[in-house]
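Engineer: Predicted model and sequence below, questions to follow.
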Amino acid sequence: MSTDVPTVADALASAPTDVATAPAGIDYHPSPSHFDELFAPDGSPRPGARALIEELRRLGPDGLIEAGRRRDAVFVQQGITFETSAADGGGSAVGGGPGGPAGTGTTAGPTKERPFPLDLVPRVLTGEEWRAIKRGLAQRIRALNHFVDDVYHAREIVREGLVPWRLVVGCSHFARAVHGIRPPGGVYTHVAGCDLVRHSDGTWKVIEDNVRIPSGISYMLENRAAMARLVPELFGSYRVRRVDHYPQLLLRALRAVAPSAESEATVVVWTPGPANSAYFEHAFLARQMGVELVEASDLVVRDDVLYMRTTRGLERVHAVYRRIDDDFADPLEFRHDSLLGVPGLVRAYRAGSVAVANAFGTGVADDKAVYRFVPDMIRFYLREEPILENVTTYLLSDPEVRAEVIGRLDELVVKPTDESGGRGVTIGAHATDQELARIRLLVEAHPERWIAQETVDLSTVPTVGPDGALHPRHVDLRPFAVFGERIDIVPGGLTRVALREGSMIVNSSRGGGSKDTWVLEDGADSERAGAGGFPVADTQPPALPDLRYGEWTGQQQQQQQGQGQGLIEPQRPGGTPAQPGHGDRGAG
């Protein structure tokens with residue numbers, strides 16, 4: 001990627017700034033049945049949002065419309081666009097996902113480009129709110145890490161009867177090839193992005209665990225950079241905690257778990273290639289960390305050691321941040337027809353000569369049926385009560401539970417256990433009779449492949465409409481954590497917003513967007529924010545001559561998964577070579 005291409009920050013700095021600033025009123029009506037994050041039920045601003053609301057009032061609809069025009073013009077100029085399908089429809093109560101048959105994640109119809117959907121009203125979390133979320137996430141990630149280690153070794157939680165073994169081995173991402181392997185440092189879940197929602201009573205609930213190949217962090221970083229340029233006045237009365245140090249946290253975690261090296265450990269970011277829809281994030285993170293972005297053709301295993309091909313010859317690699325599914329990682333151990341893998345990589349991993357993040361086999365903890373047992377994992381491994389609640393979840397392999405769920409399909413959310421990004425999800429309250437009949441047949445045919453959940457009333461945040469007015473729109477939250485010598489959780493995360501009135505579909509490919517997420521400094525946190533909300537780095541990242549903050553390639557960020565495996569004895573599909581595009585759990 002050429003380094004003389006203007007960055008997003010450069011483009012925003014040079015764009016016209018004639019934003020209207022005349023004071024104007026805000027005619028906003030929070031939903032009485034949902035928790036609004038900026039306004040109380042009586043319509044008054046919540047304490048932490050008062051200054052923000054006053055600044056939005058000063059900007060008024062015209063100012064917000066003009067800032068939105070600047071955003072769209074610059075995003076189109078820089079290729080920050082998103083592909084949407086004319087056939088998009090359906091989705092999930094939280095994540096949403098591409099249309100098409102359940103479990104396929106396919107879309108049909110022509111696509112069109114639109115500017116990256118960043119809403120200009122941030123989500124605001126107080127320091128106290130964030131500390132509770134942070135403690136709950138750290139607790140959950142520790143328990144999931146214990147679980148992954150346990151199922152590939154002692155199986156203590158299975159022996160205690162807390163998690164059925166048949167459920168574990170039935171997970172499509174359970175990896176027999178790594179049974180008995182303990183990764184360097186004993187860390188499996190190096191990067192996690194758990195999805196949270198706020199219920200109508202104000203409590204936080206975890207809707208999904210993403211510890212296999214979570215993505216979306218570049219959205220979070222770009223949102224902050226764009227907001228600081230587009231509407232800097234919104235930051236004026238706040239001390240907002242920094243997020244731009246995530247790449248350095250990730251690099252530190254990768255080096256912490258890397259096998260010993262004579263000098264500094266060599267870290268690489270492994271991508272399936274430019275055809276992958278999240279390729280821009282792979283390149284973005286490699287550039288931000290100052291490490292090489294590699295494909296399978298750049299890597300080779302010799303004597304159980306992983307090397308990278310360079311112009312100077314082979315260079316040993318100590319840690320790999322992979323953005324590719326297990327199935328495609330090593331044709332000698334997983335899919336034999338994969339064109340994306342590195343033969344012998346699992347052998348090197350087994351020898352302990354290379355760290356792989358996230359660890360092979362971690363996807364077993366992503367399964368939506370396994371999600372049902374995470375509170376039990378916390379109690380079993382940590383001897384603690386869960387800080388963050390699950391959404392009530394029903395396993396449909398139980399005949400009695402299944403019968404009850406089928407009688408309530410119009411009230412529940414039904415999800416396939418091995419999909420993500422909203423693929424195959426049916427929201428009963430929004431489904432047609434035909435859709436309910438179809439999901440009933442699918443559940444009855446393969447009940448072990450489905451779960452049902454109670455519907456959660458997602459909270460709302462004021463969102464700018466086409467007319468510049470503010471309207472309540474539903475949101476979720478994906479905070480990001482890195483696990484090396486310790487668990488570091490970046491303050492805030494990726495807030496996804498359903499831009500359509502009444503919609504619960506927050507993923508971008510289905511008409512959703514995102515927001516900058518502010519965590520306010522209150523003096524009780526270790527990270528500091530400078531006056532006016534702009535971050536002051538405690539430690540500055542290394543100066544790199546080609547480091548460019550905020551470059552995009554205009555590719556859709558959305559996960560593309562490999563085909564699922566069988567329930568008890570996984571069957572590897574054959575015949576057609578695996579093609580680029582398999583990997584990430586998307587933010588979409």
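Structural biologist: On my side now, so go ahead.
Engineer: Okay, helices next: where are they in the protein?
Structural biologist: With DSSP state H, the ranges of helices along the chain come out as 8-14, 50-77, 127-151, 156-159, 165-169, 217-230, 246-257, 279-289, 345-351, 368-371, 374-377, 399-406, 433-445.
Engineer: quick one: which of those helices is nearest E419?
Structural biologist: Taking C-beta to C-beta as the measure, the helices of the chain were each checked against E419, and helix 368-371 came out nearest at 8.0 Å. For the C-beta atoms, the positions are set from N, CA and C on the backbone; glycine is no exception.
Engineer: Would you mind confirming that D488 is in contact with A481?
Structural biologist: Yes - contact criterion C-beta atoms under 8 Å: D488 and A481 qualify, at 6.7 Å.
Engineer: Looking at those two now, which is surrounded by more residues?
Structural biologist: A481 (25 against 20; other C-beta atoms under 10 Å).
Engineer: what bridges to that one?
Structural biologist: Judged by DSSP bridges, the bridge partners of A481 are A192, I489.
Engineer: which stretches of this structure have low pLDDT?
Structural biologist: Low-confidence regions of the chain, defined by pLDDT under 70, span residues 1-25, 78-113, 420-422, 509, 525-588.
Engineer: What's the separation between the residue nearest to G344 when sequence neighbours are not counted and V291?
Structural biologist: Nearest in space to G344, with sequence neighbours left out and distances taken as C-beta to C-beta, 6 or more residues apart in numbering, is V301 at 3.4 Å. Distance, V301 to V291, using C-beta to C-beta, to the nearest Å: 19 Å.
Engineer: what do you get for L441?
Structural biologist: 49 Å.
Engineer: Which of those two has more residues huddled nearby?
Structural biologist: Neighbour count, other C-beta under 10 Å: between L441 and V291, V291 has more, with 20 against 9.
Engineer: beta partners of the nearest residue to the more buried one once chain neighbours are set aside?
Structural biologist: Residue nearest to V291 in three dimensions, not counting chain neighbours: V267, with 4.8 Å by C-beta to C-beta, 6+ apart. In this structure, V267 has the following beta-bridge partners (DSSP bridges): A319.
Engineer: And V267, how far from E454?
Structural biologist: According to C-beta to C-beta, V267 and E454 sit 42 Å apart.
Engineer: And these two? Which one has more around it.
Structural biologist: In terms of neighbours (other C-beta under 10 Å), V267 is the more surrounded of V267 and E454; the figures are 23 against 14.
Engineer: closest one to E501 among the helices of the chain?
Structural biologist: Closest to E501 of the helices of the chain is helix 50-77 (C-beta to C-beta; 17.1 Å).
Engineer: In that closest one, which residues are buried?
Structural biologist: Taking 16 or more other C-beta atoms under 10 Å as the basis for neighbour counts, the residues of helix 50-77 that come out buried are 52-53, 55-57, 59-61, 63-68, 70-72, 74-75.
Engineer: Tell me how many other residues crowd the closest residue to E385 other than its chain neighbours.
Structural biologist: Nearest non-adjacent residue to E385, counting by C-beta to C-beta, 6+ apart: R379, 6.9 Å away. The local packing of R379 (other C-beta under 10 Å) involves 14 other residues.
Engineer: Would you mind measuring from R379 to A469?
Structural biologist: The spacing between R379 and A469, counted by C-beta to C-beta, is 47 Å.
Engineer: likewise L59?
Structural biologist: Applying C-beta to C-beta, the value for L59 to A469 is 12 Å.
Engineer: What of G513?
Structural biologist: To A469, G513 is 16 Å away according to C-beta to C-beta.
Engineer: same thing with T126?
Structural biologist: For T126, the distance to A469 (C-beta to C-beta) stands at 26 Å.
Engineer: swap in V124?
Structural biologist: Looking at V124 against A469, where the rule is C-beta to C-beta, the gap reads 20 Å.
Engineer: if you count what's nearby, which of those two comes out ahead?
Structural biologist: With neighbours defined as other C-beta under 10 Å, V124 and A469 compare such that V124 has more, 23 against 17.
Engineer: Just give the nearest non-adjacent residue to that one, would you?
Structural biologist: What sits nearest to V124 in space, not counting adjacent residues and going by C-beta to C-beta, 6+ apart, is W518, at 4.9 Å.
Engineer: again with P375
Structural biologist: With C-beta to C-beta, 6+ apart as the criterion, P375 has its nearest non-adjacent residue at 4.6 Å, and that residue is P386.
Engineer: May I have the phi/psi pair for R335?
Structural biologist: With angles defined as degrees, to the nearest 10, R335 shows backbone torsions of phi -70, psi 120.
Engineer: Is it correct that it is in contact with D325?
Structural biologist: No - at 9.1 Å, R335 does not count as touching D325 under the criterion of C-beta under 8 Å.
Engineer: more neighbours, these two?
Structural biologist: Remark: of R335 and D325, D325 carries more neighbours, 28 against 24, as counted by other C-beta under 10 Å.
Engineer: who are the neighbours in contact with L345?
Structural biologist: Applying C-beta atoms under 8 Å, 6 or more residues apart in numbering to L345 gives the contacts L299, V301, L306, A329, D330, E333, V354, V356.
Engineer: Quick one: residues contacting the first one.
Structural biologist: Each residue near L299 by C-beta under 8 Å, 6+ apart is listed here: V268, W270, L306, Y307, M308, R309, V317, V342, L345.
Engineer: Verify the contact between the third one and A348 for me.
Structural biologist: Yes - L306 is within contact range of A348, at 4.9 Å (criterion: C-beta under 8 Å).
Engineer: hey, what's in contact with both of these two?
Structural biologist: Shared contacts of L306 and A348, defined by C-beta under 8 Å, 6+ apart, comprise V354.
Engineer: neighbour count winner among these two?
Structural biologist: Using other C-beta under 10 Å as the criterion, L306 and A348 rank with L306 on top: 27 against 23.
Engineer: could you list every residue that touches that one?
Structural biologist: Contacts of L306 were listed using C-beta under 8 Å, 6+ apart, and they are L299, V300, R316, V317, V320, V342, L345, A348, S353, V354.
Engineer: bridging residues for it?
Structural biologist: Beta-bridge partners, per DSSP bridges, of L306: V301.
Engineer: how close does it sit to V346?
Structural biologist: Counting by C-beta to C-beta - L306 and V346 are separated by 11 Å.
Engineer: Over to E485?
Structural biologist: Between E485 and V346 the distance, using C-beta to C-beta, works out to 25 Å.
Engineer: In terms of neighbours, single out the busier of these two.
Structural biologist: When neighbours are counted by other C-beta under 10 Å, V346 comes out ahead of the other of E485 and V346, with 23 against 12.
Engineer: Spatially nearest residue to that one, not counting backbone neighbours?
Structural biologist: In this structure, V346 finds its nearest non-sequential neighbour in E333, 4.2 Å apart by C-beta to C-beta, 6+ apart.
Engineer: That neighbour reaches I181, doesn't it?
Structural biologist: No - shown here, E333 and I181 do not form a contact pair, counting by C-beta under 8 Å, at 10.9 Å.
Engineer: Name the residue in the two with the higher neighbour count.
Structural biologist: For E333 and I181, the more surrounded residue by other C-beta under 10 Å is E333, and the numbers stand at 22 against 17.
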